[in-house]
Every structure is written in structure tokens, then in C-alpha cells.
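Undergrad: give me a model of this one.
(one chain, ligands or ions: 2)
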Amino acid sequence: MYELFSTDIGLLGGVGEKTKNLFEKLGVPNLGTLLYYFPRGYEDWTDIKKLSEIDFRKDNVCIDVRIISKVKVIKLGVKKTLYKACATDGFDNIDIIFFNNKYVVDKLREGNELLLYGKVQKNFNKYEIVCPKMCVKGKHPTCLKPIYGQIKGLYSWKIENIVDSGFEYAKGKIYESLPEKILKENNLCRLEFALRNIHFPKDKESLNIARKRLVFEEIFIWQMGMKFLKKEMSIKTEVKVKRDYTDEFYFSLPYFPTNAQKRAISECIEDMGSTEGKCMNRLLQGDVGSGKTVVAGALAYNIIRNGYQTAIMVPTEILANQHFETFKKIFIGMPVNVEVLTGSLKSKVQREIREKVKEGEIDLLVGTHSLISENVEFRNLGLVVTDEQHRFGVEQRAKLVRKGENPHVLVMSATPIPRSLSLIIYGDMDISILDERPPGRQTVDTFVIDASKKERMYGFLKKILDDKKQGYIVCPCVEEPEIESLLDVSNYKEDLIDKHGFSKYSLEVLHGKMKPSEKEQVMKNFLEGKIDLLISTTVIEVGVDVPNACIIVIENAERFGISQLHQLRGRVGRGKDKSYCILVSDSKSKDSVNRFKVMVASNDGFYLSNEDLKIRGPGEFLGSRQHGTVDFKLVNIVEDISIIREISEIAEKFFREWECISLEDKNIIQNSIKNFFKMNKQENIVI
Ligand code: ADP
Ligand code: MG
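TA: Numbers count the residues shown, from 1 in each chain. Ligands and ions are numbered 1, 2, ... in the order given. Here you go, the predicted structure:
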């Protein structure tokens with residue numbers, strides 16, 4: 001099968017330069033990926049229904065009718081004409097309706113016998129079908145007809161034809177992608193049969209057999225790939241924590257670490273100090289506010305005291321500066337030189353910092369993705385931490401790692417997902433979890449209000465500000481928005497002052513379009529308490545930590561998903577004070593109302609992300625490709641979790657017995673893994 005993945009689809013009949021480009025857009029650059037470009041669904045022309053037995057919740061059905069009237073042509077306007085004919089299925093009558101399509105007149109001739117495929121509706125006891133697909137009886141497809149995900153210019157029927165000629169071309173070249181033994185033991189059909197029948201199923205049974213095999217393959221090969229990746233990652237390193245300085249670090253903290261923090265830190269130290277020279281590759285998951293920064297700090301301290309440097313990469317400049325301040329404070333009076341490197345620093349300053357990093361004068365470098373730029377060199381990088389990892393691609397992380405000689409890696413994520421799922425998705429990493437909040441934290445009380453209650457809410461907000469506490473207001477837009485109902489930060493601030501009596505408070509705006517230095521100044525002033533109320537876009541979403549802020553008002557809350565709302569809410573409740581989150585929305589849509597309900601009911605990030613996952617599905621939730629996870633074709637990683645587990649175990653066993661497997665089978669698996677990662681555009685990935 002391997003050469004198919006390097007066979008240009010331009011070699012197929014009917015695929016010119018233009019079509020080739022369109023296929024590229026669909027993520028289909030070669031013959032192999034074409035054969036793995038599975039249909040989204042099928043038109044079933046074999047399951048013919050009587051009108052009276054149709055389940056109207058189902059999308060499309062096939063019916064067998066005879067036309068019993070002349071076509072009526074009704075002009076609806078200059079540009080719109082309606083064609084309507086009546087037909088019978090032998091028991092009931094149905095109206096067939098088309099618009100602007102004079103070619104149907106001939107097909108809808110009285111007496112014609114047709115098969116129709118489409119969505120049947122029932123209005124006032126009358127059946128109706130609009131713009132169905134039509135086939136003359138006897139000439140209809142006698143199998144399931146594939147429907148492909150299409151784009152403008154490359155429609156399903158065309159893809160179908162090209163897939164068909166793809167099979168023609170690949171005849172005799174579709175080699176098995178799973179070892180014979182695995183096929184037998186798990187009762188799976190051969191690849192050639194599976195591919196053929198997932199595209200052009202002979203019947204439903206063949207489709208099921210094909211699907212079963214391909215689902216198995218997808219999970220099995222992916223899990224095998226993860227195991228190899230993990231093995232590859234379990235490279236040895238010279239970087240070693242020979243002496244444990246954790247207690248010294250704890251001593252410098254103004255509070256006691258939580259048990260979860262202690263556990264996570266010791267798990268990491270165990271990795272980094274292992275006698276066999278293990279290279280740590282660990283994911284730290286923890287809800288917002290669970291104190292991940294301290295874990296990074298403890299590891300950095302250990303690594304630095306043992307003679308190496310640490311790099312911490314974060315997604316925004318605001319966060320970089322905040323971490324810089326935090327670490328400076330933690331490491332005061334300790335032998336640790338902290339510096340921050342962001343793109344907005346003057347180039348002279350950047351150069352000086354880079355020089356010091358290269359010389360090893362800086363021990364801990366915090367920064368944005370500017371850390372991975374070509375000209376940043378470390379003297380002896382021992383630990384790489386990425387915070388808010390969902391913002392980074394695997395490739396970016398890899399680039400930073402390559403700046404050292406097998407440094408240890410910690411990836412921190414505030415998108416807590418169920419452990420079973422993360423084991424699978426991040427199968428190449430070990431996992432530590434912070435499932436405990438620092439003591440004294442209260443849950444954030446969450447309320448939903450509509451615009452009519454805003455004046456009261458402002459009263460409440462003022463009381464909090466009068467108490468010398470701070471707050472955030474989040475608006476979806478920066479300036480005058482295009483959609484009228486949306487609020488923007490600039491006008492919001494003016495309105496608060498002019499119309500709602502906020503003139504005695506210090507208000508400031510913050511958004512992504514401001515200059516980095518302006519943003520930094522505003523954040524600094526807010527942190528120092530010089531600003532009472534920060535009116536911001538979602539730029540504060542990741543990581544911002546101001547413990548004195550204890551109210552967040554989120555305008556147009558319907559615009560945000562659960563995870564995002566939870567992240568925003570995580571900006572408050574970070575100190576000892578009772579905190580509030582107020583969701584403002586006039587939306588009555590079922591979807592938003594549901595989301596708000598879930599938000600009010602729970603403060604638990606693990607629970608919420610699970611709910612979010614259910615509502616949005618993993619693709620959207622995890623943002624798939626750029627975040628280094630896999631795009632599955634057939635498997636749904638939430639719904640199919642039990643089958644995933646089952647097949648993972650089979651893969652586990654197979655992997656354990658790897659040394660005893662024949663060379664031929666080894667080749668088969670290795671090729672399949674290569675193809676799998678190729679299809680997921682991850683072939684260059686190092687970690
Ligand atoms: P996360 O990054 O996980 O959202 P942070 O690391 O920003 O959380 O920590 C949130 C806040 O909790 C910070 O103000 C930090 O100083 C504080 N904090 C962290 N650990 C503890 C602890 N063990 N006890 C008290 N406060 C803590
Ligand atoms: Mg954080």
C-alpha cells in the first residue's frame with residue numbers, strides 16, 4: 001500500500017491541475033489518501049419505503065412511485081418557477097416539487113415510474129417531496145451510493161468517479177496493512193475488500209464488515225504509532241536532577257503547596273532524576289487556578305540548581321510578563337536569574353538577553369514563541385515547559401526542545417479532559433493531574449441575567465469596587481461591532497462613565513489590537529490595583545492571575561463556549577474573597593440556555609469540559625490538527641471509548657511481543673504507521 005501514498009492523483013483520468021488543487025484542499029494529495037477519503041454517508045436506493053411507513057425524523061428515504069398527474073408549471077415571480085406533479089406509491093399520494101428546473105418536466109410525465117430519493121415531509125396529511133433525486137425504475141443504483149464531503153468545484157459525484165478510477169489504477173497494489181495474525185484473531189476482512197466496500201458497498205452487511213475492519217485499523221495503527229512515539233521519546237538524557245532541591249523551593253513560597261502540587265512535582269522529579277537517565281515527557285493537567293505555575297517553578301528551580309537552564313513558553317505577552325513577575329518574586333534572594341523575552345522588546349534589548357542566555361547568565365527564560373526563533377541559543381537547556389499547551393502546535397514545542405540536548409519536557413494544559421481520553425490522545429506522554437485547588441478558595445457564584453437587569457448588576461459591581469476589590473468586564477469586540485447586538489470595549493467604557501455613574505472609578509480597556517507595551521502597562525496597573533475595572537476582550541482568557549479581582553461580567557455570553565466561559569471565569573476566585581461571575585445574555589436559544597445552566601451548576605473544569613466535549617464533539621473541542629492530535633475518519637473518540645480501550649489493549653499486547661514478530665509483519669505495521677501519520681500531516685514530528 002505504501003507506494004499508493006506517493007502516487008500522484010494527477011495520474012488518474014479526469015484529474016487535471018485544477019481538480020488536483022481542489023483535492024489538495026480536501027487533504028487528499030495522493031492515491032493512498034484518496035482511497036482513505038471515506039464517504040460521509042450513503043444514499044440507500046435499495047431500501048424502498050412506502051409513504052405510510054416513513055420515519056420522518058430520518059433524513060432521506062427512497063420511494064417508488066408512479067406519476068398520476070400532468071406537471072403544473074406555476075410562475076412565482078420573474079425568476080422563480082415551480083413545477084409540481086402528483087404521484088402514488090400504490091396506497092398514498094405525494095406531491096413532487098421542483099423549482100426552476102424545466103428539465104424535470106419530461107421525467108415527470110404522467111404514467112412514468114420513478115424512484116425518488118430525498119426528504120419526505122407531511123403537511124396537513126399531505127405528503128410532499130422537494131427537489132428529490134430521481135431515477136427511472138430499473139435504472140436506479142442497486143447498491144448504497146456514496147456521498148462525499150464536497151467543496152465548490154469538486155462535487156460528490158465527481159469524487160465518486162475519481163475514486164472509482166483510483167481503484168482501477170490501484171488494482172493489485174492494495175497491500176494488506178495489518179498482519180495476517182491480527183486479521184484472523186479479530187475476525188477482520190482484508191484491506192482491499194474493506195476499502196472497496198466502504199466506498200461502494202455491495203450491501204449493508206458488506207459495509208458493516210468493511211467499517212469494522214477500518215475502525216479497527218484506525219485505532220490499532222494509531223495506538224501502535226503512539227507507542228513507538230513514546231518509545232522514541234523515552235530517549236536517554238544526560239540532563240539529570242542529581243540532588244533534589246524541592247524542599248528549599250517550598251521554603252521560599254509564601255504558602256504551603258497543595259498535596260496535588262507535591263505529588264505532581266515529585267512525579268516529575270522522579271522522571272528527571274532517574275538513574276537510567278529517563279527524559280521526562282509529561283503533561284500536567286489542572287483546572288484553572290489549580291496552581292500549575294508553582295509546579296513549573298519547582299521544576300525550574302531543581303533543574304537550575306543542578307546546573308542547567310529552563311525555558312518556559314507561553315502563548316501571550318501578557319502571560320509572559322506575568323510569569324516573569326511571579327518567578328522574580330518567588331526567586332527573590334535565590335541563585336536564579338530570570339528574564340523575559342518577547343517580540344515587542346526593543347531589538348537591542350532582545351539581543352542582550354539572547355547573548356546572556358547563550359552565555360548561561362540567565363537561568364530561567366520566560367517568553368512567547370519568540371523563544372523558538374532561530375537566533376535564540378541556550379548554553380545548556382535542561383527543561384522546556386510550555387504553558388497553556390493547547391495554544392501551541394506540536395511542531396513549535398519540538399522546535400524549542402531541539403534547542404537543548406534532550407531536555408526534559410513539561411506541557412501544562414488548563415483544558416482538563418477525562419483521564420481515559422487524555423491517556424489516549426496524549427498517549428505519547430506521561431500525565432500528572434492537579435485535582436485540588438489551593439486552600440481557602442471558594443467556588444465562584446455564577447449568575448445569568450438579561451439586559452433588563454443590568455442596572456441592578458452595575459449597582460452590585462459598584463459595591464464590590466467600593467470595597468477596594470477589582471473586576472473585569474468582557475466584551476466580544478474591540479471597536480464598533482458589525483453585528484448590532486454585540487458590545488465593544490471602547491463604547492462600553494464610555495457608557496459606564498457617561499450613563500451608569502462609574503466616573504469615580506478608574507476604568508481601563510484592554511484588547512488585542514493595542515500595542516504590546518500598552519497592554520503590558522495596563523496589566524501592570526491592574527495588578528498593582530491602580531485600575532478598578534478592566535474592560536477587556538478575551539485576551540485575558542489565558543492564565544491572567546490577579547487575586548484581588550473578584551467579579552467578572554461576561555457580556556454577550558452566548559458567544560462563548562463552555563470551556564471558554566470557564567477559562568474566563570477562572571480569572572476570579574483566585575484569592576480569598578468571595579467571587580462572582582455574571583453572564584449577560586438575551587439569547588433564548590436552547591443551546592445557550594443549556595450552556596449557561598451547566599456553567600451555573602458547576603465550577604469543576606473536568607466536569608465542564610466533559611459536557612463541552614459532549615456538546616461540541618472532540619474535533620472542535622480539541623481543535624484537532626494544529627494541536628497535534630489526530631483527525632479520525634471513522635472513530636469518535638468520545639462515543640467509541642469502549643471499543644478504543646478494547647483495541648488499545650490488543651495493540652498493547654502486540655507491542656509487548658514486538659521482538660517475536662516476523663520481519664514481514666514488522667514492515668507492514670511500520671508502513672501503516674507511516675501512512676497514518678502522513679494522512680494526519682504529522683510525518684515530520686519529532687515529539
Ligand atoms: P493556573 O495556572 O493553574 O490557572 P496559577 O498557577 O496561576 O494557576 O495559580 C493561581 C493562584 O493560586 C496564584 O495566585 C498562585 O499564587 C496561587 N497558588 C498556587 N498554589 C497555591 C497554594 N498551594 N496555596 C495558595 N495559593 C496558591
Ligand atoms: Mg496558568
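
Undergrad: who in this structure is up against ligand 1?
TA: 255-258, 261, 286, 288-294, 414, 438, 543, 545, 547, 574 (Cβ under 6 Å from any ligand atom). Just so you know, the C-beta spots here come from the backbone N, C-alpha and C atoms, and that holds for glycine as well.

Undergrad: the residue nearest to T293 when sequence neighbours are not counted: neighbouring residues, count only.
TA: Nearest non-adjacent residue to T293, counting by Cβ to Cβ, 6 or more residues apart in numbering: T326, 6.0 Å away. T326: 17 surrounding residues under other Cβ atoms under 10 Å.

Undergrad: can you name the residues that contact T326?
TA: By Cβ atoms under 8 Å, 6 or more residues apart in numbering, T326 lies in contact with T293, G297, D545.

Undergrad: tell me which element it falls in.
TA: helix 317-330 (DSSP states H and E).

Undergrad: same check, this time on E649
TA: helix 641-656.

Undergrad: one more: L283?
TA: Per DSSP H and E: strand 281-286 holds L283.

Undergrad: just want the angle from the helix or strand just after that strand to strand 281-286.
TA: Counting by DSSP H and E, the next helix or strand C-terminal to strand 281-286 is helix 292-305. Using axes from the mean of the first three to the mean of the last three Cα atoms, to 10 degrees, one finds that helix 292-305 and strand 281-286 are set 150 degrees apart in direction.

Undergrad: now do helix 292-305: distance to the chain's middle.
TA: 28 Å (Cα atoms, centre = their mean, to the nearest Å).

Undergrad: for stretch 4-20, same thing?
TA: The answer for stretch 4-20 is 31 Å, by Cα atoms, centre = their mean.

Undergrad: isn't K204 right up against N197?
TA: No - look at K204 against N197 with Cβ atoms under 8 Å: they stay out of range, at 10.2 Å.

Undergrad: neighbour-wise, which of the two wins?
TA: Taking other Cβ under 10 Å, K204 and N197 do not tie; N197 has more neighbours (23 against 14).

Undergrad: any chance you could map the strands in the stretch 1-150 of the chain?
TA: 41-44, 48-49, 61-67, 72-75, 81-88, 93-99, 113-118, 120-123, 126-130, 133-136, 144-147 (DSSP state E, counting those that start in this stretch).

Undergrad: export those as JSON lines, with columns for mean pLDDT and mean neighbour count.
TA: Listed next are those as JSON lines, based on pLDDT from 0 to 100; neighbours: other Cβ atoms under 10 Å:
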{"stretch": "strand 41-44", "mean pLDDT": "89", "mean neighbour count": "18"}
{"stretch": "strand 48-49", "mean pLDDT": "90", "mean neighbour count": "16"}
{"stretch": "strand 61-67", "mean pLDDT": "93", "mean neighbour count": "20"}
{"stretch": "strand 72-75", "mean pLDDT": "92", "mean neighbour count": "11"}
{"stretch": "strand 81-88", "mean pLDDT": "94", "mean neighbour count": "18"}
{"stretch": "strand 93-99", "mean pLDDT": "94", "mean neighbour count": "19"}
{"stretch": "strand 113-118", "mean pLDDT": "92", "mean neighbour count": "19"}
{"stretch": "strand 120-123", "mean pLDDT": "87", "mean neighbour count": "14"}
{"stretch": "strand 126-130", "mean pLDDT": "92", "mean neighbour count": "17"}
{"stretch": "strand 133-136", "mean pLDDT": "88", "mean neighbour count": "15"}
{"stretch": "strand 144-147", "mean pLDDT": "90", "mean neighbour count": "20"}
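
Undergrad: so in this protein, which helix runs the longest?
TA: In the chain, assigned by DSSP state H, the helix with the most residues is helix 204-233.

Undergrad: and the next helix or strand past that helix?
TA: helix 246-252.

Undergrad: elements contacting the helix or strand that comes right after that next one?
TA: Counting by DSSP H and E, the element after helix 246-252 in chain order, helix or strand, is helix 259-272. In this structure, helix 259-272 makes packing contacts with helix 246-252, strand 281-286, helix 292-305, strand 408-413, strand 430-434, judged by 3 or more Cβ pairs under 8 Å, 6 or more residues apart in numbering; DSSP states H and E.

Undergrad: re the thing from before, mind exporting the next helix or strand after the helix holding E649 as CSV, just the C-alpha atoms?
TA: Along the chain past helix 641-656, the next helix or strand (assigned with DSSP H and E) turns out to be helix 663-679. Provided in CSV are the C-alpha atoms of helix 663-679 (Å, rounded to 0.1, in the frame of the first residue of the first chain):
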residue,chain,number,x,y,z
LEU,A,663,10.1,-9.1,9.9
GLU,A,664,7.4,-9.0,7.3
ASP,A,665,4.7,-8.1,9.9
LYS,A,666,7.0,-5.5,11.4
ASN,A,667,7.3,-3.9,8.0
ILE,A,668,3.6,-4.0,7.5
ILE,A,669,3.0,-2.2,10.8
GLN,A,670,5.7,0.3,10.3
ASN,A,671,4.4,1.2,6.8
SER,A,672,0.9,1.6,8.1
ILE,A,673,2.0,3.9,10.9
LYS,A,674,3.9,6.0,8.4
ASN,A,675,0.8,6.3,6.2
PHE,A,676,-1.3,7.0,9.2
PHE,A,677,0.8,9.9,10.3
LYS,A,678,1.2,11.1,6.7
MET,A,679,-2.6,11.3,6.4
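
Undergrad: can I get the strands of the stretch 1-150 of the chain in CSV with distance to K230?
TA: What follows is the strands of the stretch 1-150 of the chain, written out as CSV (distance: least, Cβ to Cβ, whole Å):
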stretch, distance to K230
strand 41-44, 35
strand 48-49, 50
strand 61-67, 47
strand 72-75, 66
strand 81-88, 61
strand 93-99, 57
strand 113-118, 48
strand 120-123, 52
strand 126-130, 53
strand 133-136, 48
strand 144-147, 36
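
Undergrad: any weak-confidence spans in the stretch 201-350 of the chain?
TA: 232-234 (pLDDT under 70).

Undergrad: checking Q521 next. Helix, strand or coil?
TA: helix (DSSP: H, G, I helix; E, B strand; the rest coil).
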